[in-house]
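Asker: quick check, what structure comes out for this input:
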Amino acid sequence: MGLIRVPRAWAEAKQHTNEHAQRVSFIERQLGTWCEWLDKKGWTLNSTPKVVGPFDPPTETAHSDPQSRDYGMVHYHATAFFRRQYPLYVPFEVAAFNRDEALKYGDDHMLEGISDSGVTAPVRDILNPERVDPMVFAAERRARLGIKPDDWTQQPIT
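Answerer: Next comes the predicted model:
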């Protein structure tokens with residue numbers, strides 16, 4: 001989502017006036033700059049941008065003036081969807097970390113496409129094969145700590 005700051009005089013202009021044309025031109029240029037910047041980062045516009053507004057700029061309190069840099073301006077919000085121009089590749093360090101984690105925990109579905117160079121790590125045993133119900137565990141913990149049902153919300157979380 002993008003934020004576009006427009007002078008208040010342009011935002012309040014009636015249709016078919018020079019100020020209205022300036023506002024439309026300014027917003028289109030801002031959207032073009034936004035799309036160009038994302039294009040350089042590897043993203044392509046996938047939808048028509050939607051611009052909503054004008055909105056008053058946020059204030060620090062309900063009764064104060066807008067922030068000094070936004071005085072005399074209004075905000076428009078632009079929303080658009082983008083997609084990658086090319087596949088996103090994972091850096092080597094991240095791929096190596098994921099491979100090591102897959103070997104450590106024995107997740108075979110994570111090993112697809114990763115060549116194994118003969119390195120085998122011990123597979124971690126599951127410490128709780130009976131899969132304790134978390135609600136039962138929480139109730140037992142509250143009983144063990146002496147927390148009464150009336151003051152569950154008053155106890156610090158440890």
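
Asker: and the longest helix seen in the chain, how far out from the chain middle?
Answerer: Secondary structure of the chain per DSSP state H: the longest helix is helix 18-40. Put simply, helix 18-40 sits 24 Å off its chain's centre (C-alpha atoms, centre = their mean, to the nearest Å).

Asker: now swap in stretch 15-32 and tell me
Answerer: Distance, centroid of stretch 15-32 to centroid of chain: 30 Å (C-alpha atoms, centre = their mean).

Asker: CA-only coordinates of that stretch in PDB, if you can.
Answerer: Taking Å, rounded to 0.1, in the frame of the first residue of the first chain, the C-alpha atoms of stretch 15-32 are listed here in PDB:
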ATOM      1  CA  GLN A  15     -13.900  18.300 -11.800                       C
ATOM      2  CA  HIS A  16     -12.900  19.800 -15.200                       C
ATOM      3  CA  THR A  17     -10.600  22.400 -13.600                       C
ATOM      4  CA  ASN A  18      -6.800  22.800 -13.900                       C
ATOM      5  CA  GLU A  19      -6.300  21.800 -10.200                       C
ATOM      6  CA  HIS A  20      -8.200  18.600 -10.800                       C
ATOM      7  CA  ALA A  21      -6.100  17.800 -13.800                       C
ATOM      8  CA  GLN A  22      -3.000  18.500 -11.800                       C
ATOM      9  CA  ARG A  23      -4.100  16.200  -9.000                       C
ATOM     10  CA  VAL A  24      -4.800  13.400 -11.400                       C
ATOM     11  CA  SER A  25      -1.500  13.900 -13.200                       C
ATOM     12  CA  PHE A  26       0.400  14.000  -9.900                       C
ATOM     13  CA  ILE A  27      -1.200  10.800  -8.600                       C
ATOM     14  CA  GLU A  28      -0.500   9.000 -11.900                       C
ATOM     15  CA  ARG A  29       3.100  10.100 -11.700                       C
ATOM     16  CA  GLN A  30       3.400   8.900  -8.100                       C
ATOM     17  CA  LEU A  31       2.000   5.500  -9.100                       C
ATOM     18  CA  GLY A  32       4.400   5.300 -12.100                       C
END
